[in-house]
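Novice: Coordinates for the following, if possible.
(one chain, ligands or ions: 2)
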Amino acid sequence: MLSYNEARDLVITRVTSLALGPHTESAALLHSLGRVLAQHILADRDYPPFDRSIRDGYAVRSADAHPGATLRCIAELKAGDTPTSSVQPGTCIQIMTGAALPSGADAVIMIEHTHRDGDTVTFNRTASPGQHVVARGSEQSAGKLVLSKSTRLGFAQLASAAQVGAANLSLYRKPRVAILSTGDEVVDFAAVPGPFQIRNSNSVSLSGQVTSLGAEPITLGNARDTRDDLHAKISTGLRSDALILSGGVSAGKYDLVEPVLRELGAEFLFDAVAIRPGKPVVFAVCQGKPVFGLPGNPVSTMVTFDLFVRPAIEILSGALATPLPLFEAVLTQRLSEKTGLTHFLPALAEYGQSPRVTPLAWQGSGDVVAMSRANCLLVVPPDRENIDPGERVQVLPRGL
Ligand code: AMP
Ligand code: MG
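Specialist: Ligands and ions are numbered 1, 2, ... in the order given. The predicted structure follows:
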């Protein structure tokens, strides 16, 4: 059986090879958070555009500044001013943060290190050349790459685009991701379930996970466990850029997702991965579209999405698949798990100087409430039966 890393790699390779050629569209900068750039963005001019003072103080010739030196202040420069006078030997110019360094000066002395009496300024420090000045073009020179194509735009990337005046951006279109839950026992979450029915929570978690990746969820409701209903609804789902199913992939008599996908011509890349929860997870390509059959237990659905669907959606979005953001933390209590599978347990991580992680009590992969109280998954490798408190373990943090 594939390890979760092998299965992820298969997803990444196969989805990349589908070459779906994401379409592009133009969008206003302020509406581009979380979207993926379809163009390179270059610097329109040098940054900073002039030698910029980064302190309030005096612009000086560094050769003139030494403890006890007295210079005559001949002008004042605030941010936005055009420097008109230049600093001559024996003089200085008062300068504010963000203002352009006047000619003749090569350093700024902070106001805190001076004493002023009328036009006479006494300095109590030396100045090294370039001190408190950011040189023109040192952050970025005109024409150079600021943001490359396929970058996902967070607030700092948006600010970089704003700085160079990129008011409208060429973005990849959001992939449309169809979501179909399955199961005769499943009813809409707004409905009153019968005594042995359950509400559809998987379509809700999947829709949230798809949205938080910047993709567009298309919820198709629930299919009954019949070949006909599955056939019809899966066919509809295949009109989107990708299809995610929940339920119906185990070995039960009414787990019909795989046979129906086969009828529709699917090529199966895997139908089991050595993990718990989520072992029967399916990845196939059907009619040119990536299809994921996620096990229906709600925690299995969430975990397998994060491991396998997320990289596919990132690639369909025009971005690169981000590696799993695993980090190490110290385990706070003893763990015993069956060997042979990698376990992903809902847990609480405390992000201190030395991160700690505590597994949460849970009733297994149906326990949505335990998952809602967790902020991470604790990863137990397949070769470890017992892990003692104080040992370091891997943790997979979770976003929203
Ligand atoms: P399955 O993978 O179809 O065998 O389902 C496994 C378990 O997950 C069963 O207990 C189902 O009732 C439950 N389940 C399946 N689909 C959903 C859903 N959409 N929302 C919540 N629970 C579900
Ligand atoms: Mg089912």
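Novice: and the stretch 51-200 of the chain, which residues reach ligand 2?
Specialist: G183 (CB under 5 Å from the ion). No exception for glycine: its C-beta is placed from N, CA and C like everyone else's.
Novice: from the stretch 51-200 of the chain, which residue is nearest to ligand 2?
Specialist: Closest approach of the stretch 51-200 of the chain to ligand 2 (CB to the ion) occurs at G183, with a separation of 3.8 Å.
Novice: which ones are touching whichever residue of the stretch 51-200 of the chain sits closest to ligand 1?
Specialist: Among all residues of the stretch 51-200 of the chain, S181 sits closest to ligand 1, at 3.6 Å; criterion: CB to the nearest ligand atom. Each residue near S181 by CB atoms under 8 Å, 6 or more residues apart in numbering is listed here: N200, N202, S203, G221, N222, A223, L245, S246, G247, G296.
Novice: try V11
Specialist: Going by CB under 8 Å, 6+ apart, V11 touches L269, F283, P290, F308, P311, A312.
Novice: Which members of those are the farthest-apart pair?
Specialist: Within the contacts of V11, L269 and P311 form the most distant pair, 13.0 Å apart (CB to CB).
Novice: More neighbours: the two, which one.
Specialist: P311 (23 against 18; other CB atoms under 10 Å).
Novice: Are we agreed that the more buried one is in a strand?
Specialist: No - counting by DSSP: H, G, I helix; E, B strand; the rest coil, one finds P311 to be helix, located in no strand.
Novice: A7 is in contact with that one, correct?
Specialist: No - P311 lies out of contact with A7 (CB atoms under 8 Å); the separation is 10.3 Å.
Novice: Which neighbours do the two have in common?
Specialist: Residues touching both P311 and A7 (CB under 8 Å, 6+ apart): there are none.
Novice: Name the SS class of the residue lying closest to L326 once chain neighbours are set aside, please.
Specialist: Sequence neighbours aside, Q394 is the residue nearest to L326 in space, at 4.9 Å (criterion: CB to CB, 6 or more residues apart in numbering). On the three-state scheme (three-state DSSP), Q394 is labelled strand.
Novice: Ok, Q209 next?
Specialist: Secondary structure, three-state DSSP: Q209 is helix.
Novice: ok, back up a step: and the residue nearest to L326, bridged to which residues?
Specialist: Note on Q394: beta-bridge partners by DSSP bridges are E328, V379.
Novice: Can you tell me which residues in the stretch 101-250 of the chain are near ligand 1?
Specialist: 181, 183, 185-186, 198, 200-203, 246-248, 250 (CB under 6 Å from any ligand atom).
Novice: Could you list which of the residues you listed belong to helices?
Specialist: Per DSSP state H, helices hold the following members of these: N202, S203.
Novice: Go ahead and build a PyMOL selection from the buried members of the residues of the stretch 101-250 of the chain next to ligand 1.
Specialist: A single PyMOL command selects the buried members of those (16 or more other CB atoms under 10 Å):
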select buried, resi 181+183+186+198+200+201+202+203+246+247+248
